[in-house]
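>>> Mind folding the following:
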Amino acid sequence: MQVSSLGMRTIMAEESFRAVAYQVNKKEILHDIWSIGWGHTRTAKKNMRITREKGAELLRLDLAEASSIVNRRVNVPLNQNQFDALCCFVFSVGETQFISSTLLRKLNAADYTGAANEFPRWIYSGDEIMKGLIRRRSIEKKLFETGVLNA
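Down below sits the predicted model:
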């Protein structure tokens, strides 16, 4: 499977576009990380500038990687909405956090409801609750459960 246009739009709505690279400041990160576009970090560097078109290209590459992770790590059937929600989640938390998560463990045990109920637990940056993550996880959970974002 791959991320649908709805999945891509969901991520674009949650990750503000930034044309100029900025430093990601997370308490748990010990080294400098730069981000650009819609949350792209892999090749972002200080003073880097991009267009929205380049940002979309980088996002598509990042989502291809998230899709690959979900395709490799999830062992139960998914519908497109579930897949998109998981890719959005993986894009946010990364593969290492995803593969060690209770969300994935429950999902691979075919406990879809239990997996959905894990999304709201992922709202912290370090010890701090992040309002943006509360909203994002709510959207991911709703997409996972129903595919409806604005209900």
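>>> in the chain, which ranges drop under the pLDDT threshold?
25-31, 147-151 (pLDDT under 70).
>>> where do the helices sit along it?
5-14, 52-73, 80-93, 95-99, 102-108, 112-116, 131-145 (DSSP state H).
>>> Using TSV, lay out the ones you listed together with distance to Lys45.
The C-beta positions use only the backbone N, C-alpha and C, and glycine is treated the same way. Output for these, formatted as TSV (distance: least, C-beta to C-beta, whole Å):
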stretch	distance to Lys45
helix 5-14	22
helix 52-73	13
helix 80-93	20
helix 95-99	22
helix 102-108	32
helix 112-116	36
helix 131-145	24
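>>> Dump the ones you listed to TSV, plus mean neighbour count.
Putting the helices of the chain into TSV (neighbours: other C-beta atoms under 10 Å) gives the following:
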stretch	mean neighbour count
helix 5-14	17
helix 52-73	17
helix 80-93	24
helix 95-99	14
helix 102-108	18
helix 112-116	17
helix 131-145	18
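>>> Roughly how far does the residue lying farthest from the centre of the chain sit from Trp34?
Computed with C-alpha atoms, centre = their mean, the residue of the chain farthest from its C-alpha average is Asn47, at 24.6 Å. Taking C-beta to C-beta, to the nearest Å as the measure, Asn47 falls 9 Å from Trp34.
>>> intersection of neighbour lists for these two?
Shared contacts of Asn47 and Trp34 (C-beta atoms under 8 Å, 6 or more residues apart in numbering): Ala21.
>>> longest single strand anywhere in this protein?
strand 18-24 (DSSP state E).
>>> If we go by neighbour counts, what in that strand is buried?
Neighbour-count burial for strand 18-24, counted by 16 or more other C-beta atoms under 10 Å, picks out 18, 21.
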